[in-house]
Structure formats: C-alpha cells, structure tokens
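> Pasted the sequence and its predicted model underneath.
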Amino acid sequence: DGGITQSPKYLFRKEGQNVTLSCEQNLNHDAMYWYRQDPGQGLRLIYYSQIVNDFQKGDIAEGYSVSREKKESFPLTVTSAQKNPTAFYLCASSIGVGNEQYFGPGTRLTVT
Amino acid sequence: KNQVEQSPQSLIILEGKNCTLQCNYTVSPFSNLRWYKQDTGRGPVSLTIMTFSENTKSNGRYTATLDADTKQSSLHITASQLSDSASYICVVSAREYGNKLVFGAGTILRVKS
C-alpha cells in the first residue's frame, strides 16, 4: 500500500446520507485518483486530480464530489444522489498523470 | 471502445502447480500494459509493467508476456504458493487518452494445499 492511507476500512451509512472517504499520501505525488470497484467489473475512475486545487471528472463522477486543498489529501464525498453507492473504493496516487499509480488499501462502503 | 478482457474469470490450482492467466485488449495505441495482484480487501499492487516493444518481463515466479500484434498478454505463475491466492488484474494505458488506465475485471486465483 506504500505511503497511501485510506480511512476507515469499513463504513456503513443509511440511504440519503452523504459520506466522506479519506485518502492521504506522503509520497509527494502530484496526481491522485479515486476508483470504484464492483464484483466482476474492472476498476472505474470517479475523479482525478493532477495538482492541488484542480480536479477532473472520470467516467462515473455523477453522485460524487472531491476536493484537493492540500497535496497530501484527496477526500471523496459520496452524496445521496449516487444511486448505488455500495462498493469498494480505492484511492491511488502517481508522480504525474500517466505515471505508475500506487493504490491505498481501500474503503468498503455499505449503504442500507 | 477500449476494452480489456481477462480469462478465466476464476481458477483453482494445487500448491506447487503452474498456471497461466490471459488478457486480451482492444486499447490502441497503448503506452504500456501492467499486471497487478490484489489480495482480498486490499489495494492492487504492481507485478510487472511492459511497453509495447517488450515481449516478456519477469518478477520472481511471475512472468508476463506481450504480443502487441495480436493484442494479447499472459501472466504465468510458476510453482504456485498459497500466498498467490488473489485477483490478478490486467491494465492497459491508453496513449490516446492521456495514458488513462483501462482495467480488466481480473482473474480470481485460488491455490489449494
């Protein structure tokens, strides 16, 4: 998992509530990413950030929001607008976009 | 559409045996192809990375091959160990889209004693 931490490991929420997943890295990487992993599917990109105070939508950004106020941190908020939020969420970072990505340990979110 | 297809979906082998996992992709042009190992409930960890000009790359008991003409890659695991039980994910970097990563769904390998 390198120098990337995600917390918590497990998260439970009621439907209709927003929830924020934490991702911190001490690798001095400029780029950070959020992916969603569902059984039987490849990882799908939610949002990514190339540099502080900048972020771009990925393939499945609807119902999610992010911020990048510090180089080390890239929190993901799962809003009530996300229709099917239960999934395994992975954060990654790289020196720059296109370079090798290093993944955190993931957060499993369950919404009931 | 850029796709990465892996086979088989799952595989069970006895400890000590060899196995080969397959990856077919349509991503073109691509910058590199990677194989990741993902233990259950953990993040993926890189095993190998190959550019389009490389045919083979080894990392201990893991050997990846690449045929850019047929757009196929394989991951061969030699003398399997119980700790090899994991999901193995093939990932292709799409050069046309700023090296965006396209992930396969993975092959779940279980090594039995």
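Looks like it came in fine.

> Just checking: what are the partner strands of the helix or strand of chain B with the lowest mean pLDDT?
In chain B, the helix or strand scored least confidently by mean pLDDT, DSSP states H and E is strand B:100-103, which has a mean of 88. Pairing partners of strand B:100-103, with direction, according to DSSP bridges: strand B:86-94 (antiparallel).

> about what we covered before: alpha carbons of the least confident helix or strand of chain B, as PDB, please.
Extracted C-alpha coordinates of strand B:100-103, given in PDB (Å, rounded to 0.1, in the frame of the first residue of the first chain):
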ATOM      1  CA  LYS B 100      -5.800   6.700 -18.900                       C
ATOM      2  CA  LEU B 101      -5.800   3.300 -17.400                       C
ATOM      3  CA  VAL B 102      -8.300   0.700 -18.700                       C
ATOM      4  CA  PHE B 103      -8.800  -2.100 -16.200                       C
END
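
> Quick one: residues contacting the most centrally placed residue in chain A.
Nearest residue to the geometric centre of chain A (Cα atoms, centre = their mean): residue A:34, 3.0 Å. Residues counted as contacts of residue A:34 (Cβ atoms under 8 Å, 6 or more residues apart in numbering or on different chains) are A:21, A:23, A:45-48, A:58, A:64, A:66, A:74, A:76, A:89-91. Just so you know, the C-beta spots here come from the backbone N, C-alpha and C atoms, and that holds for glycine as well.
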